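**Q** My questions concern the predicted model and sequence given below.
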Amino acid sequence: MTAFLTMLAEAGAAALDAAGPEDALHALARGCQAALGDHDAHRRPGALKDGERDYRIAGCFLVTPDARWHMLVGNVGFPPDQRRLMIPIEGGHPGRVMRSGQPLLLANTDDDTGFRQYLKTSRMGSSAYAPMIWRGRFIGQIVMAAQARWTYGPSDLAALVVASRIAAAVWIAQGGPDWLAANADPPDGYRVKPEGM
């Protein structure tokens, strides 16, 4: 718990001092990616399949002004050409989190037949999603994923929910809505289909 509070204090301060809204979300995503999850999960039998490796990603998916896409902002660990990954608004678990407005934990994605792979490099084995809500309106979500199954558990999801609330406030404070309006149709947008890769 102490390590998590230290991470939130440091990542929150970096987000508030950031040069803009994307840098602010990147600071929070980077803190969550580094501090949360079982970093030894890959050692468990069955956590990694043949050819898989231990790595983790994080980022925020913001709802574009036309409400057609979840657009990746402030990513950590995504492939460079997916820095602006765009998932159809109803697609996969980001769509599920948007519809429910509730956080979601998939300790082992193999156990969920609805899981869709949007990361072009590999399928992730464990993931967590926490909605970013501003004045009762869903504006996006902060997401973490790891290739090793059982990396994330309930305590990680609870921590991510706290981070998502800070992310929503910092996004608004840093002028995120105006930034998104100007950048929501990026030339390097990596648009995927709802069914994934």
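**A** Cool, got the structure. Numbering: from 1, shown residues only.

**Q** Could I get the full set of strands for this protein?
**A** With DSSP state E as the criterion, the chain has strands at 56-63, 69-76, 85-88, 104-106, 126-134, 137-146, 190-191.

**Q** In a markdown table, list these along with mean pLDDT and distance to Phe115.
**A** To be clear about C-beta, it is placed using only N, CA and C from the backbone, and glycine gets the same treatment. A markdown table is the format used below for these (pLDDT from 0 to 100; distance: least, Cβ to Cβ, whole Å):
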| stretch | mean pLDDT | distance to Phe115 |
| --- | --- | --- |
| strand 56-63 | 98 | 15 |
| strand 69-76 | 98 | 16 |
| strand 85-88 | 97 | 13 |
| strand 104-106 | 98 | 6 |
| strand 126-134 | 98 | 8 |
| strand 137-146 | 98 | 10 |
| strand 190-191 | 96 | 19 |
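
**Q** want to try a markdown table for those strands, with mean neighbour count and distance to Ala3 as columns?
**A** Converted to a markdown table, the strands of the chain look like this (neighbours: other Cβ atoms under 10 Å; distance: least, Cβ to Cβ, whole Å):
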| stretch | mean neighbour count | distance to Ala3 |
| --- | --- | --- |
| strand 56-63 | 26 | 16 |
| strand 69-76 | 24 | 18 |
| strand 85-88 | 21 | 29 |
| strand 104-106 | 19 | 20 |
| strand 126-134 | 23 | 17 |
| strand 137-146 | 24 | 16 |
| strand 190-191 | 16 | 33 |
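
**Q** looking at the protein, which helix or strand is least sure?
**A** Ranked by mean pLDDT, DSSP states H and E, the weakest helix or strand in the chain is helix 2-17, scoring a mean of 89.

**Q** what residues does that one touch?
**A** With Cβ atoms under 8 Å, 6 or more residues apart in numbering as the test, helix 2-17 has contacts from 23-25, 27-28, 30-32, 34-36, 159, 162-163, 166-167, 170, 173-174.
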